[in-house]
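Novice: here is a sequence together with a model predicted from it:
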Amino acid sequence: MARIVMKFGGTSVGDIARIKNVALRVKAEVDRGNQVAVVVSAMSGVTNQLVAYCTEMATLHDAREYDAVVATGEQVTSGLLAIGLQELGIQARSWAGWQIPIISDDAHGKARIEDIKGDEIIKGMEQGHVAVVAGFQGVAPGNRVSTLGRGGSDTTAVALAAALKADRCDIYTDVDGVYTTDPRIVKAAKKLDKITYEEMLESASLGAKVLQTRSVEMAMKHHVRVQVLSSFSDAPGTLVCDEDEIVEKALVSGIAYSRDEAKVTLIGVQDQPGIAAAIFGPLADANINVDMIVQNTSHDGTTDMTFTTPRADLERALKVVKDNMKVPYKSIDTDKGVVKVSVIGVGMRSHAGVAQTMFKALAEKKINIHIISTSEIKVSVLISEEYTELALRALHTAYGLDAA
Ligand code: ASP
Ligand code: MG
């Protein structure tokens, strides 16, 4: 007997027929003798619609009321699934965040879970009851409804699995696992049997949208084994787990890319102490994320400073820099047509030459590299967007990831 948290995303509960299909999957798990708790998302498209309603009421709206509105999507699916399970003869009930409770902080719209009181759900599970929990929501100080940020049901599921000391958290979604790279671009992409938390965290934050980044952080912290799998097939999925559960560690497990990048270069900046602080301080104050940063050594008393921001923030970033630059500079250059491509793998901690394979593969395809950055388990390059597909395919082959 195992204790399992099953989570179903928006497309998996997209209409009544699909919710009935989910009920059958849950029943199958119960019939196997397992203790089960379920977390559901809103039906696909519903949360977007609810967000749009709030914006239509007022562009600048009260974040607490936004949460009151958008949390309703999950409440609908939790009730519907409970009905579906009861129809199959299973004892089930729905749980809203405040009923458990799932206690969060008061950062409305992107609240963090602080505590989950799992006792009642555990008691029920031990008697064969299935708890159907509304994902994405919690209760904030002052007894207000909170939500956990878009995609937050993943985090609900992992946090609940930790609180219930579950053996596994199964995340059912519309892809059947985690791939070596985007299979829509590289036909030879392979599904991974296992991936480490660290690698998954890198790929989630580098643009792969399989799991909410926060849910991976949470899984890593609490050692929750997470399985990503499809609710539309019976194929085995990908297990996200601790490194020591993986016997054969690949040097590179995957290649991620993000098109959400823009490059800014300040040309001829006076080279003196405090220039980085003068440029990046105001950007941080304006809540603009800066990712890659390159500053060259100066030759004539000036230097070029290049950095990247999310594409949508480029105009704002430019304004902030121009309004706040106290240090003289010659001009500013920008480029929206760039993409960041990253190779990821825990194996590179103990191997030299991983970056060189990347540089060589790109050189052979005559792809110019604008910026390079590295961390312990990743090498990222910024290249022109038109080369995205070519680069992904070349790198996939160069690291021996192509399916046989
Ligand atoms: N329904 C929410 C969203 O669309 C939460 C989730 O699905 O994970 O972002
Ligand atoms: Mg999702």
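Specialist: Now that the structure is in, tell me what you want to look at. Ligands and ions are numbered 1, 2, ... in the order given.

Novice: how near is the residue of the chain positioned farthest from its centre to Asp271?
Specialist: No residue in the chain sits farther from the centre than Asp300, which is 43.5 Å out by C-alpha atoms, centre = their mean. Per C-beta to C-beta, to the nearest Å, Asp300 is found 9 Å from Asp271. (Each C-beta comes from the backbone N, C-alpha and C, glycine too.)

Novice: which residue, other than its chain neighbours, is closest to His370?
Specialist: Counting by C-beta to C-beta, 6 or more residues apart in numbering, Leu382 is the residue found nearest to His370 once chain neighbours are left out, at 4.4 Å.

Novice: looks to me like the one you found is in a strand.
Specialist: Yes. Inclusion of Leu382 in a strand is indicated when DSSP: H, G, I helix; E, B strand; the rest coil is applied.

Novice: could you count how many residues lie near it?
Specialist: Residues within reach of Leu382, counting by other C-beta atoms under 10 Å, total 24.

Novice: looking at it now. What's its pLDDT?
Specialist: At Leu382, the model reports a pLDDT of 97.

Novice: following the one helix or strand Lys340 maps to, which helix or strand comes up?
Specialist: Applying DSSP states H and E as the criterion places Lys340 in strand 331-344. Past strand 331-344, further along toward the C-terminus, the next helix or strand under DSSP H and E is helix 354-364.

Novice: ok, and what's touching the lowest-mean-pLDDT helix or strand in the chain?
Specialist: Every helix and strand in the chain was compared by mean pLDDT, DSSP states H and E; the lowest is helix 197-205, with a mean of 89. For helix 197-205, contacts defined as C-beta atoms under 8 Å, 6 or more residues apart in numbering pick out 178, 210-213, 216-217, 219-220, 240-243, 253-254, 256, 342, 344-346, 375, 377-378.

Novice: restricted to buried residues, select the residues you listed in ChimeraX.
Specialist: Applying 16 or more other C-beta atoms under 10 Å to the contacts of helix 197-205, the buried members can be selected in ChimeraX as follows:
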select :178,210,211,212,213,216,217,219,220,240,241,253,254,256,342,344,345,346,377,378
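
Novice: which ones among the contacts of helix 197-205 map onto helices?
Specialist: Thr213, Val216, Glu217, Ala219, Met220 (DSSP state H).

Novice: hmm, the fourth one is touching Ala159, no?
Specialist: No. The pair formed by Ala219 and Ala159 falls short of the contact definition of C-beta atoms under 8 Å, at 9.3 Å.

Novice: coming back round to it: the residue nearest to His370 pairs with what?
Specialist: With DSSP bridges as the criterion, Leu382 is bridged to Lys340, Ile371.

Novice: show me which residues of the stretch 101-250 of the chain sit near ligand 1.
Specialist: Contacts of the stretch 101-250 of the chain with ligand 1, taken as C-beta under 6 Å from any ligand atom, map to Gly135, Phe136, Arg150, Gly151, Gly152, Ser153, Asp154.

Novice: which of those count as buried?
Specialist: Buried, going by 16+ other C-beta under 10 Å: Gly135, Phe136, Gly151, Gly152, Ser153, Asp154, out of these.

Novice: of these, which belong to helices?
Specialist: Going by DSSP H, the helices hold Ser153, Asp154 from these.

Novice: of the buried ones among the residues of the stretch 101-250 of the chain next to ligand 1, list those near ligand 2.
Specialist: With the criterion set as C-beta under 5 Å from the ion, the members of these near ligand 2 are Gly151.

Novice: flag the least confident of the buried ones among the residues of the stretch 101-250 of the chain next to ligand 1.
Specialist: Out of these, that is Gly151, at 94.

Novice: tell me who's in contact with that residue.
Specialist: Residues counted as contacts of Gly151 (C-beta under 8 Å, 6+ apart) are Lys209, Leu211, Gln212, Ser215.

Novice: can you read off the pLDDT for the third one?
Specialist: By that I understand Gln212. According to the prediction, Gln212 has pLDDT 91.

Novice: pull out the buried positions in stretch 30-48.
Specialist: Buried, per 16+ other C-beta under 10 Å, within stretch 30-48: 30, 34-44, 46-47.

Novice: kindly report the same for stretch 233-248.
Specialist: Using 16+ other C-beta under 10 Å as the burial criterion, the residues of stretch 233-248 that qualify are Gly237, Thr238, Leu239, Val240, Cys241, Ile246.

Novice: enumerate every residue touching the residue in the stretch 101-250 of the chain that ligand 1 sits nearest to.
Specialist: Ligand 1 sits closest to Ser153 of the stretch 101-250 of the chain, with a gap of 3.2 Å, by C-beta to the nearest ligand atom. Going by C-beta under 8 Å, 6+ apart, Ser153 touches Lys7, Gly9, Val39, Val40, Ser41, Glu74, Gly135, Phe136, Gln212.

Novice: next one: Ala92
Specialist: The contact partners of Ala92, by C-beta under 8 Å, 6+ apart, come to Leu81, Ala82, Leu85, Gln86, His129, Val130, Ala131, Val132.

Novice: before we move on, back to that, wait, the residue nearest to His370 touches Val339, no?
Specialist: Yes. Leu382 is within contact range of Val339, at 7.4 Å (criterion: C-beta under 8 Å).

Novice: overlap of the contact sets of these two?
Specialist: Glu261.

Novice: which other helices and strands contact the longest strand belonging to the chain?
Specialist: Counting residues, the longest strand found in the chain (DSSP state E) is strand 254-270. In terms of contacts (3 or more C-beta pairs under 8 Å, 6 or more residues apart in numbering; DSSP states H and E), strand 254-270 is packed against helix 197-205, helix 275-285, strand 302-309, helix 314-324, strand 331-344, helix 388-398.
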